[in-house]
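> have a look at this fold, sequence not included:
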Ligand code: PEP
């Protein structure tokens, strides 16, 4: 299972250091080879010493460096050895106005460097209500190299993100099967994942893991989620 934490615009450098320490301690002894923990902190909180999880970037500008005021370039990620990035998150599309063109540019930049790309797609409330989820998601995948070897696809319906209203397993399964027909990348689900629903979601055959926002912001809560589904814990007697 891939368990990914999107900390969004939460945590200072000091609080993320405590978060990283707590997570590292909770995962001490290593996690099972079948599991992987990814954490995306704010760029201002990147931590030089993380041991038992992979640190990723929520955002970057598709340039190594340059005159891009307020942005974080490839050189800045390299300083923290960050090679895992989120691209296409709905909050960046909707709130920060990231266009499909910029998203494709970011994808190309990351792919040229061989970075692991967690690419987020998901329909909005209107498309869901009109039963047009597949059409919506297919449009978001246009121009994206679905054969890129270090690709992870995260299906995150916009209406389920941060609302406490997760998609039903049937809808998740339907959309992951749709994505599976297009790509062999590991498929994640994201959208109000919590300790009560993670077991059912992780049990979907095509589901390789979850991308978690709110329920991951506290390291002990994220550890609880990890304990529900990780192979290391489930294989214990
Ligand atoms: C997210 O923002 O990627 C997300 C899944 O958030 P939440 O878990 O809060 O719905």
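Nice, thanks for sending it over. Owing to the predicted nature of the structure, the values given are computational and were not obtained by experimental measurement.

> ok, the closest residue to the ligand within the chain to residue 105 distance?
Here the residue of the chain nearest the ligand is residue 213; by C-beta to the nearest ligand atom that distance is 2.2 Å. Every residue, glycine included, has its C-beta placed from N, CA and C. Plainly put, residue 213 is 25 Å away from residue 105 if you go by C-beta to C-beta, to the nearest Å.

> what about the helices in the protein?
Per DSSP state H, the chain carries helices over the ranges 13-26, 74-78, 90-94, 100-112, 125-129, 133-140, 169-180, 198-202, 219-229, 231-234.

> show me which residues of the chain are close to the ligand?
6, 156, 161-162, 190-193, 211-215 (C-beta under 6 Å from any ligand atom).

> how about the residue nearest to residue 80 when sequence neighbours are not counted, what does it touch?
With sequence-adjacent residues excluded and distances taken as C-beta to C-beta, 6 or more residues apart in numbering, residue 80 is closest to residue 46, at 4.3 Å. By C-beta atoms under 8 Å, 6 or more residues apart in numbering, residue 46 lies in contact with 55, 57, 80, 82.

> so the residue sitting nearest the centre point of the chain bridges to which residues?
Geometric centre of the chain, nearest residue: residue 211, 4.5 Å, by C-alpha atoms, centre = their mean. In this entry, residue 211 is beta-bridged to residue 4, residue 190, by DSSP bridges.

> shouldn't it be in contact with residue 190?
Yes - counting by C-beta atoms under 8 Å, residue 190 is a contact partner of residue 211 at 3.4 Å.

> residues shared between the contacts of these two?
4, 6, 120, 154, 156.

> for the third one, give me the pLDDT.
Think residue 120. Residue 120 carries a pLDDT value of 98.

> who's in contact with it?
The neighbourhood of residue 120, defined by C-beta under 8 Å, 6+ apart, consists of 86-90, 154, 156, 190, 211.

> any stretches of this protein with poor pLDDT?
Scanning the chain for pLDDT under 70 picks out 30, 232-237.

> 80 instead, please
Scanning the chain for pLDDT under 80 picks out 29-33, 231-237.

> can you pull the contacts of residue 148?
Neighbouring residues of residue 148 by C-beta under 8 Å, 6+ apart: 107, 111, 117, 185.

> could you dump these into JSON lines with neighbour count added?
Shown next, in JSON lines, are those (neighbours: other C-beta atoms under 10 Å):
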{"residue": "107", "neighbour count": "22"}
{"residue": "111", "neighbour count": "17"}
{"residue": "117", "neighbour count": "24"}
{"residue": "185", "neighbour count": "21"}
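
> which one of those residues is nearest to residue 22?
Among these, residue 117 lies closest to residue 22 (C-beta to C-beta), at 27.5 Å.

> partners of the closest one in the sheet?
Note on residue 117: beta-bridge partners residue 85, residue 151, judged by DSSP bridges.

> any idea how far residue 52 is from the residue of the chain closest to the ligand?
21 Å.

> which of the two has more neighbours?
It is residue 213, of residue 213 and residue 52, that has more neighbours when counted by other C-beta atoms under 10 Å, with 22 against 15.

> ok, now which ones touch the more buried one?
Contacts of residue 213 by C-beta under 8 Å, 6+ apart are 6, 8, 161-162, 190.

> which among those residues count as buried?
Buried by 16 or more other C-beta atoms under 10 Å: 6, 8, 161, 190, out of the contacts of residue 213.
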